[in-house]
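A.B. asks: below are the sequence and a predicted model; questions follow.
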Amino acid sequence: MQSACSQRSKLPDVGTTIFTVIGQLSAEHHALNLSQGAPNFACDVQLVEGVAQAMRAGHNQYAPMSGVAALRHALADKVERLYGARFDADDEITVIASASEGLYSAISALVHPGDEVTYFEPAFDSYAPIVRLQGATPVAIKLSLQDLTIDWDEVAAAINSKTRMIIVNSPHNPTGSVFTEHDIERLTALTRNTDIVILSDEVYEHVVFDGGIHHSMACHPALAERSVIVSSFGKTYHVTGWRVGYCMAPATLMEEIRKVHQFMVFSADTPMQYAFATALNNPQSYLGLAEFYQQKRDLLANALQSSRFELLPSRGSFFMLARFSGFSNESDNDFAVRLIREAKVATIPLSAFYSDGTDTGIIRLSFSKDNDTLLEGARRLCQV
Ligand code: GLN
């Protein structure tokens, strides 16, 4: 239908997200999908049973705006046990309708027109558009693709009196890098005595490999007091379609975030919250995740050893980067599309994670897939 209204786009250069575009193309060509960071295997049946039980028990109406109390208390206990910080279940923890909603609510509540928000590219594709929708300016700092590290001197040079927020993400999508003690020290020093809020996307908090540790902002008091931590049940419990996550912040920041959350979604799905509250009683449900995904990373990396791709080291998350520029001059978009059409494997071109479309001849592979899919995907990629 032709619209009667002429429209000035708020995001003129944004198209449909790469995950949707590649997902559709992948389905059209019956390709194996190593693109989206979503499991293709089942979650624990107990979790499904927990949701069904909650529904049968009549928990089918709006949850409290901040989330089901049992879940917020279970989260406060879990976070204190793992990371040392005690967040108040009433004032400092909110259950959100996906980590994406939490990111949106936090940025929209805390960032004002004219502010600058520093973040690191390659980056998850929603950060910069959300900042721009607030009339603020996203300031991208590029990670080194040699060693996937942050040049903190460059960050120091980019920070100024307009900087309102720094968005960090460890374990990192799409590179699989993980914050070190050094990153924490530099971030602490850079933000000390400022009003800068840290928005910490920690959705892969339980997926750190090779015995490494997750540096949650909640582990470091000087960072926790200025941080909004966003995490996700979808990534941890293999249920990305349930759209439930949680957000933690000091009470004064949380008060503002809830003002947006309440008008965006009001509350997250009720029966799922009861099921997660029960699941959190069993720490093995999240503590076993690193080992589980490390085996998948290793399976895929080993199966790709005879391929022509150069794999970059993945220390966490669901992702691994693969460089193809050693054997093809194609743009990463053309290459990814050809992989779908010819090799029947879907991946994400890394340029999708750069606001300026920087093309480094690299694709992102997701290993959040069952082992048969990973082995068959690798077999196909070895023939490229
Ligand atoms: N976080 C997942 C990824 O990076 C999925 C994101 C999405 O589909 N919106 O692949």
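C.D. replies: Cool, got the structure.

A.B. asks: and the stretch 1-150 of the chain, which residues reach the ligand?
C.D. replies: Residues of the stretch 1-150 of the chain lying close to the ligand (Cβ under 6 Å from any ligand atom) are Thr17, Phe19, Gln36, Gly37. Where C-beta positions appear, they are placed from N, C-alpha and C, glycine not excepted.

A.B. asks: test my guess that the last one contacts Lys235.
C.D. replies: Right, Gly37. Yes: using Cβ atoms under 8 Å as the test, Gly37 is close enough to Lys235 to be in contact (7.4 Å).

A.B. asks: the more surrounded of the two?
C.D. replies: Lys235 (26 against 21; other Cβ atoms under 10 Å).

A.B. asks: please name the nearest non-neighbouring residue to the more buried one.
C.D. replies: Val203 (4.8 Å; Cβ to Cβ, 6 or more residues apart in numbering).

A.B. asks: cool, Phe309 as well?
C.D. replies: Ala322 (4.1 Å).

A.B. asks: which parts of stretch 259-279 are buried?
C.D. replies: 260-261, 265, 267-279 (16 or more other Cβ atoms under 10 Å).

A.B. asks: how close does Pro271 get to the ligand?
C.D. replies: As judged by Cβ to the nearest ligand atom, to the nearest Å, Pro271 and the ligand stand 23 Å apart.

A.B. asks: ok, Asn33 next?
C.D. replies: 10 Å.

A.B. asks: and Ser231, which of the three is it?
C.D. replies: strand (DSSP: H, G, I helix; E, B strand; the rest coil).

A.B. asks: with His182 instead?
C.D. replies: Assignment for His182 (three-state DSSP): helix.

A.B. asks: what about it, neighbour count?
C.D. replies: Neighbours around His182, by other Cβ under 10 Å: 11.

A.B. asks: quickly note the distance from it to Leu287.
C.D. replies: Distance, His182 to Leu287, by Cβ to Cβ, to the nearest Å: 26 Å.

A.B. asks: near the ligand, which residues of the stretch 151-300 of the chain?
C.D. replies: Asn173.

A.B. asks: any idea how many residues pack against the nearest residue to Asp201 once chain neighbours are set aside?
C.D. replies: The spatially closest residue to Asp201, leaving aside those adjacent along the chain, is Asn169, at 4.1 Å (Cβ to Cβ, 6+ apart). Taking other Cβ under 10 Å as the criterion, the count of residues near Asn169 is 24.

A.B. asks: can you pull the contacts of Asn169?
C.D. replies: Phe120, Ala123, Phe124, Ser200, Asp201, Glu202 (Cβ atoms under 8 Å, 6 or more residues apart in numbering).

A.B. asks: Lys296 now?
C.D. replies: Contacts of Lys296 (Cβ under 8 Å, 6+ apart): Phe367, Ser368, Lys369, Asn371, Leu374.

A.B. asks: before we move on, which element is it in?
C.D. replies: For Lys296, the host element (DSSP states H and E) is helix 289-303.

A.B. asks: output the helix or strand bottoming out on mean pLDDT in the chain as PDB, nothing but the C-alphas.
C.D. replies: Using mean pLDDT, DSSP states H and E, the weakest-scoring helix or strand in the chain turns out to be helix 284-287, at a mean of 92. Output in PDB follows, covering the C-alpha atoms of helix 284-287 (Å, rounded to 0.1, in the frame of the first residue of the first chain):
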ATOM      1  CA  GLN A 284      25.400 -26.300  37.200                       C
ATOM      2  CA  SER A 285      22.700 -25.000  34.800                       C
ATOM      3  CA  TYR A 286      25.100 -22.000  34.000                       C
ATOM      4  CA  LEU A 287      28.500 -23.100  35.400                       C
END
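
A.B. asks: can you get me the start-to-end distance on stretch 7-15?
C.D. replies: Criterion Cα to Cα, to the nearest Å; first-to-last residue distance in stretch 7-15 is 15 Å.

A.B. asks: please tell me how far the residue nearest to Lys235 sits from Phe124.
C.D. replies: 9 Å.
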